[in-house]
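Trainee: Here is a sequence together with a model predicted from it:
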Amino acid sequence: MELRAVKGMNDILPDEAVRWQRLEAAFREHVRLHGYDEVRTPILESTALFQRQIGETTDVVEKEMYSFERHGDALTVRPEGTAGAARAYVEHKVHAKEPVSRWYYLGPMFRGERPAKGRYRQFYQAGCEVYGDPGPLADAEMIEMVASLLARLGIPEVEVRVNSLGASGTRERYRNALLGHFTPMRDKLSEDSQRRLEKNPLRILDSKDPRDREAAATAPSILELLDETDSAHFEGVKKHLDALGVRYVVDPTLVRGLDYYTRTLFELRTTTGDLGSQNTLVGGGRYDNMIEGLGGPKVPAIGFAMGIERLLVMMGGDEKRESPFCYVAPLSEELASRALVLGRDLRRLGVRVEVDGRGGKLKAMLRRADALGAKLCVILGEGEIERGVVAVKDLAKHEQEEIALADAAKVLAERAAKLSEGGDARGAR
Ligand code: AMP
């Protein structure tokens, strides 16, 4: 049997990983400027964490989690990053050490969804969480941060959508309003929505099923049910977004697939059509009850997560893998050790080097050096070594010279440094 990668899980080979690195570096740099520091939490958590925080009647918990039992523990491979980070925040009593914490994470998430373009079973998310700031300033600042990151990445046609779910009281009132709306048309809803109607009618607004979409089109708006403080909070978010010049659409049907959200909710979508219905690039919102729900104090929180694969589809760019500066070609087995030593000495001086360990003909080694985009090929031949020199071939200029073996590392490193001043040492294949 041919062994292949698990369905919905992708290999990212080095040619492609270059783009991932650019995206990740831009993300880290962008959030660093906003005061965020990295958190790394385990990929496995207790199943109960996700069941309680994400919600029993969400698609993620009902159908998509990779859960199993080991050593008597019920475990789940994380489907998202917020619950684990919040667990860590409570477990380490971070609230007692600082009033506000800004965390970011980056890593793989796992959901057993039906694979499609932009929808995988292992996918990567980069996300941020702020604990201890009630907003609305923090909400607007976060939305602007995400919007400007996507702009920085050159992602076109991004639409920001915002909504407010109010606090828990609003949810209850809205639940009742939705029940009143959907119950008379129950038979027209999808099977999933019929089943969830009593338990969680908000989910129907999030459904992609055309039957549910039609029923949801005429549903009441949650924004009409917000109480005064929730309304003022939402107005504050919009006012700050206006001040920052972030354009947005208020979308009262935006509820998102996870149950933990309160008040501000937001999504950034692309409208280019490249991703079909997987056009949501970023999703986030406030979850003011989670920390307390996990046994911590009452600490408000807000966060977002963005799908790396989806951003990469939109990002464009044709980054290439980095070339070695020097390719070292030993022409006989006896010279292999010398080649290794020269390679090591060059790397100690910060030069990217590959030593040809295959043996064989010079011609093949030069061809390889060329294909890699190396600037120089250092040739170690018997005759040269006897005279205490190496031959250095400039692969672009097709010029060859000899330099003393004893000085070779230093001379070549200086050359690499000079080129990198001109921005030219980091060649690409
Ligand atoms: P969520 O955690 O569901 O709020 O999703 C946040 C973001 O993660 C989405 O906007 C997507 O960009 C990305 N995402 C979620 N699920 C998947 C998936 N199965 N495959 C790829 N990206 C995903």
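Mentor: Received, thanks.
Trainee: For Glu399, grab phi and psi.
Mentor: phi -110, psi 150 (degrees, to the nearest 10).
Trainee: and the closest residue to it other than its chain neighbours, what are its phi and psi?
Mentor: Residue nearest to Glu399 in three dimensions, not counting chain neighbours: Lys393, with 7.4 Å by CB to CB, 6 or more residues apart in numbering. Where C-beta positions appear, they are placed from N, C-alpha and C, glycine not excepted. Phi and psi for Lys393, reported as degrees, to the nearest 10, are phi -110, psi 120.
Trainee: you'd agree Lys393 is up against Leu380?
Mentor: No - counting by CB atoms under 8 Å, Lys393 sits too far from Leu380 to count as a contact (12.0 Å).
Trainee: ok, which residues in the stretch 101-250 of the chain are in contact with the ligand?
Mentor: Proximity of the stretch 101-250 of the chain to the ligand, by CB under 6 Å from any ligand atom, involves residues 111, 113, 118-120, 123, 125.
Trainee: Let's see that with 5 Å instead.
Mentor: Applying CB under 5 Å from any ligand atom, one finds that the stretch 101-250 of the chain approaches the ligand through 111, 113, 119-120, 123.
Trainee: just these now: which is nearest Lys93?
Mentor: Proximity to Lys93 was ranked across those by CB to CB; first place goes to Arg111, at 30.5 Å.
Trainee: okay, the residues of the stretch 101-250 of the chain next to the ligand in a markdown table with pLDDT and distance to Gly283 next?
Mentor: Below are those laid out as a markdown table (pLDDT from 0 to 100; distance: CB to CB, whole Å):
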| residue | pLDDT | distance to Gly283 |
| --- | --- | --- |
| Arg111 | 97 | 13 |
| Glu113 | 95 | 15 |
| Arg119 | 96 | 14 |
| Tyr120 | 98 | 16 |
| Phe123 | 98 | 13 |
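Trainee: wait, isn't Ala409 in contact with Asp345?
Mentor: Yes - with contact defined as CB under 8 Å, Ala409 counts as touching Asp345 (3.7 Å).
Trainee: neighbour count winner among the two?
Mentor: Under the neighbour definition other CB atoms under 10 Å, Ala409 and Asp345 were set side by side, and Ala409 has more, 22 against 16.
Trainee: follow-up on the earlier one: neighbour count winner among Lys393 and Leu380?
Mentor: Neighbours were counted for Lys393 and for Leu380 using other CB under 10 Å; Leu380 has more, 24 against 20.
Trainee: From the ligand, how far out is that one?
Mentor: For Leu380, the distance to the ligand (CB to the nearest ligand atom, to the nearest Å) stands at 49 Å.
Trainee: Does the residue in the stretch 101-250 of the chain positioned nearest to the ligand lie in a helix or a strand, and which?
Mentor: At 3.4 Å from the ligand, Phe123 is the closest residue in the stretch 101-250 of the chain, using CB to the nearest ligand atom. Using DSSP states H and E, Phe123 sits within strand 122-131.
Trainee: Past that strand, which element shows up next along the chain?
Mentor: Scanning forward in sequence from strand 122-131 by DSSP H and E, the next helix or strand is helix 137-152.
Trainee: now for that next one, which elements pack on it?
Mentor: Applying 3 or more CB pairs under 8 Å, 6 or more residues apart in numbering; DSSP states H and E, one finds that helix 137-152 contacts helix 14-33, strand 122-131, strand 158-164, helix 228-244, strand 262-270, strand 280-286, strand 301-307.
Trainee: Reformat these as TSV; add mean neighbour count and distance to Val313.
Mentor: Below are the helices and strands packed on helix 137-152 laid out as TSV (neighbours: other CB atoms under 10 Å; distance: least, CB to CB, whole Å):
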stretch	mean neighbour count	distance to Val313
helix 14-33	15	10
strand 122-131	23	12
strand 158-164	21	13
helix 228-244	16	26
strand 262-270	24	9
strand 280-286	25	9
strand 301-307	24	10
